[in-house]
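Based on what follows, work out the 3D shape:
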Amino acid sequence: MASMRGRMLFVGLTWAVLSACGPNSIDDVGEDESNESDDISESDDISETGGPLPEAPVLELSLSPIKQFDFDWGAAVGAEFYQLLESANTGEPYFQVGGDGVELKTSLTVPLHFRLNASYKLRACNENGCTESMEVDVVGSIASAVGYFKASNTDATDYFGNSVALSADGSTLAVGAPLEASSAVGIGGDQTDNSALHAGAVYVYERDGMNVWTQQAYVKASNTDAEDRFGASLALSGDGSTLAISADLEDSSAVGIGGDQADKSA
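Here you go, the predicted structure:
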C-alpha cells in the first residue's frame, strides 16, 4: 500500500479594525465594508490649513499564532487620530479600512486567499491634514499565518483531511480520516490501535478566545468495523454543537433509527 500522510492546511486571517464611529471608538469591519471609503491611492502628505502636519508614522505588521494580522505603531508627534489604508492586491488603489481611531494598534480579520498580495499604510492625522507611513506588504509574512493541523494519531494512508466541516461561527472544525484503522468505539478511545483497516475516524478541534486551536475529541463509530469509512463526509451546525458523520460502507441491514448495529448482512 502506497504510503501517504494526510495533511490539511487551514487558512484564514482574523482581524478587528478601526470603526467608522470617529476618532474615539473602535468597531469591527467585515469584508463587505472594508472598501467603502473613497480611493485615496493618490494621496500624499496633505495640509488642509497650512498648519503643521503630524510626523510620518511607522507601521509594523506582525502575526498572531494562527491566522491574524496585527498592526501596531508608535505615537506620531502631532497626530490626533490614525487611519489604516489597504490595497487588496498589487497595483490596486488604497482605501481606508474602517474609521478613524486613536489607539496605537489594531488587528485585521479576512480570509487569507483574499489578501495574498495586499499592502497597508497608516495615516497620522490632525486638523491640518494627514501624513502617511511607508507601505507594509503582506508578501513574505503569509506562511507564518497559515495554521497546520495533523491527526493526534497520524499514520500512513489514513486520509486525514479527506472531509472537512467548519462551523458558521468559525470556532469548531471537524476533520475526517475515513481510512484510519483503530477499532476503538465512541469518543476518546484507543488511538494507537490499528486492527480495523479503513474503519475511519473524525477529529474535532476548537478555537479559543486567543485564536488558538486545540483538539477536543477523537470520534469513532459506535459499531466500528473495518472498511466502514466512518468520516467519509461531515457536517457541523452553525455553532459547532452538533456534528453529523457518514460511514458510506457500513454494512448493517437495519432500517430507520436505533436498529441493530451489530448486523453485517448488507
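
what comes up buried for the helix or strand residue 106 falls within?
Here residue 106, judged by DSSP states H and E, is contained in strand 105-108. Neighbour counts using 16 or more other Cβ atoms under 10 Å place 106, 107, 108 of strand 105-108 among the buried residues. Quick note: C-beta positions are derived from backbone N, CA and C, even for glycine.

Out of those, flag the one nearest to residue 83.
residue 106 (10.8 Å; Cβ to Cβ).

CA-only coordinates of the strand holding residue 106 in CSV, if you can.
This file holds the C-alpha atoms of strand 105-108, laid out as CSV (Å, rounded to 0.1, in the frame of the first residue of the first chain):
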residue,chain,number,x,y,z
LYS,A,105,-2.7,49.0,17.4
THR,A,106,-5.3,47.0,15.6
SER,A,107,-5.8,43.5,14.1
LEU,A,108,-7.3,42.5,10.8
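
Please name the bridge partners of residue 120.
Counting by DSSP bridges, residue 120 is bridged to residue 86, residue 136.

my guess is it contacts residue 88, does it?
No - Residue 120 is beyond contact range of residue 88, at 10.1 Å (criterion: Cβ atoms under 8 Å).

give me the number of residues near residue 149?
Per other Cβ atoms under 10 Å, the neighbour tally for residue 149 reads 19.

right, and it touches residue 166 too?
No - Residue 149 is beyond contact range of residue 166, at 11.6 Å (criterion: Cβ under 8 Å).

Give me the common contacts of those two.
residue 173 (Cβ atoms under 8 Å, 6 or more residues apart in numbering).

what about this protein, any weak spots by pLDDT?
Applying pLDDT under 70 to the chain flags the ranges 1-49, 63-67, 111-113, 139-147.

Leaving out chain neighbours, which residue sits closest to the residue lying farthest from the centre of the chain?
The C-alpha centroid of the chain is most remote from residue 50, which lies 45.0 Å away (Cα atoms, centre = their mean). Counting by Cβ to Cβ, 6 or more residues apart in numbering, residue 50 lies nearest to residue 128, which is 7.3 Å off, once chain neighbours are set aside.

gap between the one you found and residue 54?
In this view, residue 128 and residue 54 are 8 Å apart by Cβ to Cβ, to the nearest Å.

rewinding a little: shouldn't the residue farthest from the centre of the chain be within a helix?
No - per DSSP: H, G, I helix; E, B strand; the rest coil, residue 50 lies outside any helix segment and is coil.

I'd say residue 214 and residue 206 touch.
Yes - when contacts are counted by Cβ under 8 Å, residue 214 is listed as touching residue 206 (6.3 Å).

Have a look at residue 128 and residue 54 and say which one is more surrounded.
Neighbours were tallied for residue 128 and for residue 54 using other Cβ under 10 Å; the higher tally belongs to residue 54 (22 against 17).
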